[in-house]
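Below are the sequence and a predicted model for it; my questions follow.
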Amino acid sequence: MMIAEEYLGRSRLFRRLKNGPHGQLIELYAARVVNDGLARQGAWRCLSLVGALLSWISESRSKLHDLDERMVERFLLHRAREQSIQPGDQAALRRWLSVLRAAGVIASALSPPITPHEQIFQEYADYLRTERGLAPRSIICHLPVIRRFLREVCPAGAGDLGKINQENIVRYVERHASDRSAESGKAMCWVLRAFLRYLHHTGLNPLDLAGCVPSIRRWKLASLPTYLSAAQVQKVFDGCDRTTAMGRRDYAILMLLGKLGLRANEVATLTLDDIDWRRGEMLIHAKGRQRALMPMPPDIGSALVAYLRDGRPRSACRQLFLRMLAPHVGFASGCAITMVAKVALERVGIHGYVHQGAHIFRHSLATELLRSGATLSEIGQLLRHESQDTTRIYAKVDIEALRTLSLPWPGGAQ
């Protein structure tokens, strides 16, 4: 597929826009398109949209320096009357606004007004980051719970924080404890306790209400880990079309999940600098801001080399795995890795599991290692578990070992 730089050298549309009244801005925009790695069709669509926008601005007797997001929305509504809006059109025009702002042609984007609740969220997020040392992805998990709690208990904002009492808390938990699973209910209560401690610590509420949050009973180690057989895992690997760039990328991702048991976020945050090819090691940015050196087996090394040589798009981004569609940047979080795993499972017809994503490969690796004779301690070290209790749950799926512990049935075999 012809990339943007090659296309622009031949495009009559580009030459026409470049020779127009905004030629220098068009050249800056074209450079941005090339830098983002768009393909021929994407580059043509971007230039066509910008050309249509400039014509619409001229016809409506507006000025380019007045352009902003609201004017772009009006343009898209006008354009939608004549032709369909494509999924990438808004991104193309956001890229145009970004170029204009970098060139000082239009004003900076206006920040949306901060609501009273948003002010509370920002201050609480700062506290979690500076005082508690939480990572950004952990802080994000707090905010939906706090947002709903404040919307129901403190609709007026910060002025009502000091009025929260035990009855408010108990009634809120009773209303929402069964919204989802018991695990989600426990997480909700944990977040509420942390927030209530913050309110008392900062003097926003005179009462220490953390102890008023009810506990949700959930028996420890009550569930069974969801796992695939070794044959099913291999079937997922074989389902990747390694003749394509995306197939080579997805195969390398699945190998890291299935052979090393990495978490989704650990795969997403891998960088080119984390791989030591001479020593055959990888630096993993693990849970809880921990770092761990992991060996890189030959089959995983081969999968990564195939991806880097013939699958990874050209990009200045140092993350190992990139989006295949432009702009070619790294994944924002482990959610994209989970989607890669989910699509791979669906592709080979594996359905019906509670966990249909990246973590099922981690469970599958632990289960297979245990059945192959590895000890729970060795499995815990490989998976980097902080507590032995986390690893102990896999003993429940070692059926052969459990048979040796069973007592004979009274009266003989039934």
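Thanks, I have it.

where are the low-confidence patches of the stretch 301-414 of the chain?
354, 387-414 (pLDDT under 70).

any idea which helix or strand carries the residue lying closest to Leu322 once chain neighbours are set aside?
Distance criterion CB to CB, 6 or more residues apart in numbering; nearest residue to Leu322, sequence neighbours excluded, is His328 at 4.9 Å. (C-beta placed from N, C-alpha, C; glycine too.) For His328, there is no host helix or strand (DSSP states H and E).

wait, isn't Arg79 in contact with Ile85?
Yes. Assessed by CB atoms under 8 Å, Arg79 is found in contact with Ile85 at 6.7 Å.

Tell me which of these two has more neighbours.
Neighbour count, other CB atoms under 10 Å: between Arg79 and Ile85, Arg79 has more, with 16 against 12.

tell me the mean pLDDT over the helix or strand that one falls within?
Using DSSP H and E, Arg79 falls within helix 69-80. Across helix 69-80, pLDDT averages out at 92.

quick one: contacts of the next helix or strand after that helix?
For helix 69-80, the following helix or strand on the C-terminal side (DSSP H and E) is helix 89-102. Here helix 89-102 makes contact (CB atoms under 8 Å, 6 or more residues apart in numbering) with 25, 28-29, 32-33, 36, 45-46, 49-50, 53, 64, 67-69, 72, 75-76, 106-109.

If you count neighbours, what's buried in helix 89-102?
Going by neighbour count (16 or more other CB atoms under 10 Å), the buried part of helix 89-102 is 89, 92-93, 95-97, 99-100.

Quick one: distance of the helix holding Arg79 to the chain centre.
With CA atoms, centre = their mean, to the nearest Å as the basis, helix 69-80 stands 30 Å off its chain's centre.

and that helix, what does it pack onto?
helix 40-59, helix 89-102 (3 or more CB pairs under 8 Å, 6 or more residues apart in numbering; DSSP states H and E).

Now render the ones you listed as CSV, adding distance to Glu183.
Formatted as CSV, the helices and strands packed on helix 69-80 follow (distance: least, CB to CB, whole Å):
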stretch, distance to Glu183
helix 40-59, 42
helix 89-102, 36
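
Can you lay out those as a markdown table showing distance to Asp273 and mean pLDDT?
Formatted as a markdown table, those follow (distance: least, CB to CB, whole Å; pLDDT from 0 to 100):
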| stretch | distance to Asp273 | mean pLDDT |
| --- | --- | --- |
| helix 40-59 | 29 | 91 |
| helix 89-102 | 28 | 93 |
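
Could you write out the alpha-carbon coordinates of the helix holding Arg79 in CSV?
This file holds the C-alpha atoms of helix 69-80, laid out as CSV (Å, rounded to 0.1, in the frame of the first residue of the first chain):
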residue,chain,number,x,y,z
GLU,A,69,-14.2,22.5,17.4
ARG,A,70,-17.7,24.0,17.3
MET,A,71,-17.2,25.3,13.8
VAL,A,72,-15.8,21.9,12.7
GLU,A,73,-19.0,20.3,14.1
ARG,A,74,-21.1,22.7,12.0
PHE,A,75,-19.1,21.8,8.9
LEU,A,76,-19.6,18.1,9.5
LEU,A,77,-23.3,18.6,9.9
HIS,A,78,-23.3,20.5,6.6
ARG,A,79,-21.3,17.8,4.9
ALA,A,80,-23.4,15.0,6.2
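
Which residues does it contact?
52-53, 56-57, 62, 85, 89-90, 93, 97, 109.

mind listing what Ala252 touches?
300, 303-304, 306-307, 311, 321.

Rebuild those as JSON lines, extending it with neighbour count, distance to Phe14 and secondary structure.
Shown next, in JSON lines, are those (neighbours: other CB atoms under 10 Å; distance: CB to CB, whole Å; DSSP: H, G, I helix; E, B strand; the rest coil):
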{"residue": "Ile300", "neighbour count": "19", "distance to Phe14": "43", "secondary structure": "helix"}
{"residue": "Ala303", "neighbour count": "24", "distance to Phe14": "39", "secondary structure": "helix"}
{"residue": "Leu304", "neighbour count": "26", "distance to Phe14": "37", "secondary structure": "helix"}
{"residue": "Ala306", "neighbour count": "17", "distance to Phe14": "35", "secondary structure": "helix"}
{"residue": "Tyr307", "neighbour count": "24", "distance to Phe14": "32", "secondary structure": "helix"}
{"residue": "Gly311", "neighbour count": "22", "distance to Phe14": "29", "secondary structure": "coil"}
{"residue": "Phe321", "neighbour count": "25", "distance to Phe14": "32", "secondary structure": "coil"}
